[in-house]
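Asks: With the input below, show me the fold.
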Amino acid sequence: LKQGVEFDIFNSEAWRNSPAVARLRDRYGISDRDEVLVYSAHLNAASCLDGILEAVRCARQKQARIKLLVIGGGDREKQYRRKAEELNMSESVIFTGYLKPEDVAAHVMLGDIALVFYDTGPANRYRSSMKLRELLAMGRIVVCNRTGETPAFSDYVVLAGPDAAAMADAIGMAISEKARFKARAERGEAMPPWLVDR
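Replies: Model (predicted):
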């Protein structure tokens, strides 16, 4: 079901093997050896990038080649850049700044694994995530924490517990099973149940 996703933009077939994606890899210095995680959001008061940064910091202790591509900008971008510096992650976190919606999709294709994370505050208990739907439409392996409606997608995502430590474990699991997971994600098929924290 479409569920509000603009398929003219979020269409992985249009971007697969695209020279534009290859140029973006060069622009951001991404090599074939890097494990690229993508996080797409407006970096404003509703963003929970703090949790993502902490989860990625923990995951990098086991997988040093992880790079996080933060897709988007907003009034908290400078704050999050400082946070990445404080966590000694400046070299492994790439901020794109604001992008037009039609440019977001090409950037999402830079990573096989995409992250969705919301804190457990009242504002997120009933959140419906358009980003989650867009990332699934792009055929990415999606790792998300158990917040709001995300358990409803448990057949199609790697679902972690609610906190950053659980998210880090789920990221590690998705990386270790990426080869097996990738083809299913690209076809929109259900994931093996044992990979999902139910």
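Asks: For this protein, which element, helix or strand, carries the lowest mean pLDDT?
Replies: helix 12-15 (a mean of 84; mean pLDDT, DSSP states H and E).
Asks: Buried residues of the very next helix or strand once past that helix, list them for me.
Replies: Toward the C-terminal end, the helix or strand that comes next after helix 12-15 (DSSP states H and E) is helix 19-28. For helix 19-28, the neighbour count (16 or more other Cβ atoms under 10 Å) marks 21, 24 as buried. Every residue, glycine included, has its C-beta placed from N, CA and C.
Asks: Output the contacting helices and strands for helix 19-28.
Replies: Counting contacts by 3 or more Cβ pairs under 8 Å, 6 or more residues apart in numbering; DSSP states H and E, helix 19-28 packs against helix 101-108.
Asks: distance between the helix it packs on and the chain's centre?
Replies: Mean-position distance between helix 101-108 and its chain equals 13 Å (Cα atoms, centre = their mean, to the nearest Å).
Asks: which residues are in contact with it?
Replies: For helix 101-108, contacts defined as Cβ atoms under 8 Å, 6 or more residues apart in numbering pick out 6, 9-11, 14-15, 18, 20-21, 24, 38, 40, 69, 71-72, 96, 99, 114, 134-135, 138, 140.
Asks: Rounded mean pLDDT for the following helix or strand past it, please.
Replies: Using DSSP H and E, the next helix or strand after helix 101-108 towards the C-terminus is strand 113-116. In this model, strand 113-116 carries a mean pLDDT of 96.
Asks: Give me the phi and psi for Val142.
Replies: phi -110, psi 120 (degrees, to the nearest 10).
Asks: right, and it touches Val158 too?
Replies: Yes - counting by Cβ atoms under 8 Å, Val142 does reach Val158; the two are 7.0 Å apart.
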